[in-house]
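Peer 1: would you be able to build a 3D model of this:
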Amino acid sequence: MKQKSEPLYYFEYRRTMVAIGATMLIFLALFMFLSLSESLRLIAFGQNLSRTGEIVFTILRDVIGYTACFMIPVFFLRRFLRVGPVSLYRPMHTEAKVPGWRAVAYVLVVLAVLRSAAYVNSFLVSLVPFKITSGTGLVSLEPYQIVLQFIAVGLVPAFCEEFLFRGAICTQLMRFGRMPAILVSSLLFALMHQNGQQFLYTFVGGLALGFLYTETGTIWCGVLAHFWNNFLSVTEEVLASSTGVVGEPLYLALELLTLVAGLCAAAYLLYVRVRDKKEPAKTGIEGAFGPDSVPEAAGQPDRESAKLPGAIQLRLFFNVPMMLFVVLAVLEGLTMVLIL
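Peer 2: Have a look, this model is predicted:
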């Protein structure tokens, strides 16, 4: 029975990976076009852009344009996997659940991991013997610019990036194994940023957010954690721009609170695991992603039976669209490092 089913899942996994690779190429094309918009603005208007013009341009580029770069690929991935005699598409889990204490604890732990990874990444970058970051200095921000920063840098990426990488990509790969799904989506998430300096940070962040998505069974916990992580980064920049001092007490207090809350949440989860060792998880991976909860998966084998050997999954990852995306993303990331 196993020998008959393996070829089917082999082709299904290959088809899924090719579809994801093609989706990432579409994303990359859209993102590169969006990146050119700043140059086009400078050519058309120069540096003299009015306040109204700056607000309109930021909304068009950093809100509408950025959202389109992520949501259009989600649509194409769905179309790619629906084409053919059998639909392989799995809908993402966007259920608006009232989070239980475990879900809240998972969010806090993931937040602590994200902030810790940021500090570790910053420390490792500081060890590089040559300068790879540009010192542009601190620029004082107007109130309207601060609001735009929190929306464009804090809220929009948290929403869009979670929908593409956890909601769309991770969900499609879950039936082939939880860890491969998290690893692949995290790798693509890190490559998407096209920033060699932040690769470790974004990869670890992707792992943490992928775990959070699969563990809680809803994308909104990841969106919340992602937003708070971005919120802290924007807060640091805003406070530094207004005072000229990096590491304001308010920002450090928020960072410390996040880390302490994460440690307390980890202790709580450890206590619950020990106390309820034999109790099945209420929001665990099987309840969220098993075939019974996915209408289109009715009648298909469960996720565990669809797992392929790691060597085969690795080989199928190296398909033409995926490798093209990886090469272009790496080249772009190295170019940014060398330019900066």
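
Peer 1: what pLDDT does Arg90 get?
Peer 2: For Arg90, the pLDDT comes out at 92.

Peer 1: run a quick neighbour tally on it.
Peer 2: Residues near Arg90, counting by other Cβ atoms under 10 Å, number 23. For every residue, glycine as well, the C-beta is placed using N, CA and C.

Peer 1: ok, now the one 5 residues further on?
Peer 2: For Glu95, the number of neighbouring residues by other Cβ under 10 Å comes to 11.

Peer 1: quick check: chain neighbours aside, which residue is closest to it?
Peer 2: Closest residue to Glu95 apart from its sequence neighbours, by Cβ to Cβ, 6 or more residues apart in numbering: Thr218 at 5.2 Å.

Peer 1: do Ala181 as well
Peer 2: Per Cβ to Cβ, 6+ apart, closest to Ala181 is Leu173, 3.6 Å.

Peer 1: contact partners for the one you found?
Peer 2: Counting by Cβ atoms under 8 Å, 6 or more residues apart in numbering, Leu173 touches Thr16, Ile20, Pro180, Ala181, Val184, Ser185.

Peer 1: among those, who's most crowded?
Peer 2: Ser185 (28 neighbours).

Peer 1: tell me if I'm right that it and Gln172 touch.
Peer 2: No: assessed by Cβ atoms under 8 Å, Ser185 is found out of contact with Gln172, at 9.1 Å.

Peer 1: wait, which of the contacts of Leu173 is closest to Glu161?
Peer 2: Ser185 (10.6 Å; Cβ to Cβ).

Peer 1: per-residue pLDDT, the closest one?
Peer 2: The model reports Ser185 with a pLDDT of 97.

Peer 1: Cys160 is in contact with Gly65, isn't it?
Peer 2: No: contact criterion Cβ under 8 Å: Cys160 and Gly65 do not qualify, at 10.7 Å.

Peer 1: number of residues surrounding the residue nearest to Glu95?
Peer 2: Thr218: 21 surrounding residues under other Cβ under 10 Å.

Peer 1: show me what contacts it?
Peer 2: If you count contacts by Cβ under 8 Å, 6+ apart, Thr218 has them with His93, Thr94, Glu95, Ala96, Lys97, Ala103, Ala288.

Peer 1: what's the spacing between it and Pro73?
Peer 2: Taking Cβ to Cβ, to the nearest Å as the measure, Thr218 falls 21 Å from Pro73.

Peer 1: residues contacting stretch 70-78, please?
Peer 2: Contact with stretch 70-78 is made by 19-20, 22-24, 26-27, 30, 89, 160-161, 163-164, 167-169, 172, as judged by Cβ under 8 Å, 6+ apart.

Peer 1: and the nearest residue to Leu108 once chain neighbours are set aside, how many neighbours?
Peer 2: What sits nearest to Leu108 in space, not counting adjacent residues and going by Cβ to Cβ, 6+ apart, is Ala265, at 3.7 Å. Neighbour count for Ala265, taken as other Cβ under 10 Å: 21.
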